[in-house]
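Got a predicted structure here, sequence first:
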Amino acid sequence: MRPAGVRVARFLCPAARVTISLLPDFLASRLSGSIAEVEAAVDAAETATSQEAALEQVRPAAALDAVTLVAGLRWLRRRLSAVRAALVVAVTLVPSLSECRPTLAALRERLGVTEVLVRLRRTAAAHLPAMSSPLGFRAHARRVRSERQRTPHEVGPDPPA
């Protein structure tokens, strides 16, 4: 777990058969690392000319070859999509943030802070169960396959003996 040495307390609810964790305020939910690290990655992507340039700023080792570049871009895009969705929800749910664009720069200016995601977690504390990661605690919605959308490789009948 990153940062190194951080331990998150987990409890088992026997009635619901789920585990509940006591996540510290500075850690991102469902992403590795702290909220500050996630915000730095998204901030670099918002200000850089391209996602590759942002990745070079945040994770210089990921731009070495094509394989690590693709993995690094996936890493960055996961954070970008999660933070963008969380910012839209925060701007929608928190009345004091209405009419503010859902970007880190706009929220940084509106709130007057340098660490937007940490402040948003405190500001939108009542809405955290409904918000998705990295701010809130709700898991991303999973796509449900319909009967028409079958897996590409169905199990067929056994071959004749």
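Arrived safely.

before we move on, what SS does S29 have?
With DSSP: H, G, I helix; E, B strand; the rest coil as the basis, S29 sits in coil.

so who does it touch?
Taking C-beta atoms under 8 Å, 6 or more residues apart in numbering as the criterion, S29 is in contact with L23, S133, P134, L135, G136, F137. Where you see a C-beta, it was placed from the backbone N, CA and C, and this is true even at glycine.

same question, L93
When contacts are counted by C-beta under 8 Å, 6+ apart, L93 is found next to A124, H127, A130, M131.

could these be laid out in TSV, adding secondary structure?
Converted to TSV, those look like this (three-state DSSP):
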residue	secondary structure
A124	coil
H127	helix
A130	coil
M131	coil
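
Closest one of those to E37?
Nearest to E37, judged by C-beta to C-beta, of the contacts of L93 is M131 at 18.8 Å.

Quick check: chain neighbours aside, which residue is closest to that closest one?
Closest residue in space to M131, ignoring its immediate chain neighbours: V89 at 5.1 Å, by C-beta to C-beta, 6 or more residues apart in numbering.

The one you found: neighbour count?
Counted with other C-beta atoms under 10 Å, the neighbours of V89 add up to 20.

Give me the three-state assignment for it.
Criterion first, three-state DSSP; result for V89: helix.

separation between it and C100?
13 Å (C-beta to C-beta, to the nearest Å).

Any figure for the gap between the residue nearest to M131 and H127?
Taking C-beta to C-beta, one finds V89 at 7 Å from H127.

cool, and F11?
For F11, the distance to H127 equals 23 Å [C-beta to C-beta].

ok, those two, which is more surrounded?
H127 (17 against 9).

Is that one in contact with V94, as I believe?
Yes - H127 is within contact range of V94, at 7.3 Å (criterion: C-beta atoms under 8 Å).

which residues do the two both contact?
With C-beta under 8 Å, 6+ apart, H127 and V94 have no common neighbours.

so what's the residue nearest to M131 up against?
H127, A130, M131, S132, G136.

Quick check on A9: phi, psi?
Backbone torsions for A9, taken as degrees, to the nearest 10, come to phi -70, psi 130.

what's the distance between A130 and V113?
23 Å.

hang on, the earlier thing: reformat the contacts of V89 as JSON lines; add pLDDT.
Shown next, in JSON lines, are those (pLDDT from 0 to 100):
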{"residue": "H127", "pLDDT": "85"}
{"residue": "A130", "pLDDT": "81"}
{"residue": "M131", "pLDDT": "83"}
{"residue": "S132", "pLDDT": "81"}
{"residue": "G136", "pLDDT": "81"}
